[in-house]
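Trainee: Let me see the structure of the following:
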Amino acid sequence: MLRPPRKAKLTAARYAARFVAEAARQQRRYCDAFALWRTCRLKRCRREGACRGDPNDCLRRAIDVVPRAAQWQARQDILAATPENIGAPERAARQCLPRDFYGGTPSLRRADPGLNPGR
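Mentor: All right, here's what the predicted structure looks like:
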């Protein structure tokens, strides 16, 4: 009996590219969850009621202002809305707390092999 062909494993470069893309979307989700658009410098963000600029800058500025409990709850809400069949790079990015995107925390290095080339 013939077995169906196996899916090819992701290369480290492809994994890293998918992780970085999902991390950018995750940063925007956090900006929207914390309603950072209300105090954003960009008029477009305030007008549309969502992050439309660079979520990296907005989230970096707000990281110390938003309480840790609110960050944790936003992460839990996002994880609850995550489909079960999502890919590994996307799941790893969604499991990051907002602070994990800055400073290279161990969880982020473990999730993205592209950030830790020594492995």
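Trainee: which residues sit in contact with Cys51?
Mentor: 28, 31-32, 36-37, 40, 45, 58 (CB atoms under 8 Å, 6 or more residues apart in numbering). To be clear about C-beta, it is placed using only N, CA and C from the backbone, and glycine gets the same treatment.
Trainee: And it, its phi and psi?
Mentor: Torsion angles at Cys51 (phi, psi; degrees, to the nearest 10) stand at phi -70, psi 120.
Trainee: what's the answer for Lys9, then?
Mentor: According to degrees, to the nearest 10, Lys9 has phi -70, psi 150.
Trainee: Helices of this protein, start to end?
Mentor: With DSSP state H, the ranges of helices along the chain come out as 12-33, 43-48, 55-62, 68-80, 88-94, 106-111.
Trainee: just the angle between the third one and helix 68-80, please?
Mentor: Helix 55-62 and helix 68-80 meet at an angle of 150 degrees, taking axes from the mean of the first three to the mean of the last three CA atoms, to 10 degrees as the criterion.
Trainee: Report the inter-axis angle for helix 55-62 versus helix 12-33.
Mentor: Using the same axes, to 10 degrees, one finds that helix 55-62 and helix 12-33 are set 60 degrees apart in direction.
Trainee: Relative to the whole chain's centre, how far out is helix 55-62?
Mentor: Its chain's average C-alpha position is 13 Å from that of helix 55-62, according to CA atoms, centre = their mean, to the nearest Å.
Trainee: from the contacts of Cys51, which is closest to Ile78?
Mentor: Relative to Ile78, the closest of the contacts of Cys51 is Asp32; by CB to CB it sits at 10.5 Å.
Trainee: Number of residues surrounding the closest one?
Mentor: 16 (other CB atoms under 10 Å).
Trainee: Is it correct that it is in contact with Glu48?
Mentor: No - under the criterion of CB atoms under 8 Å, Asp32 makes no contact with Glu48, lying 10.5 Å away.
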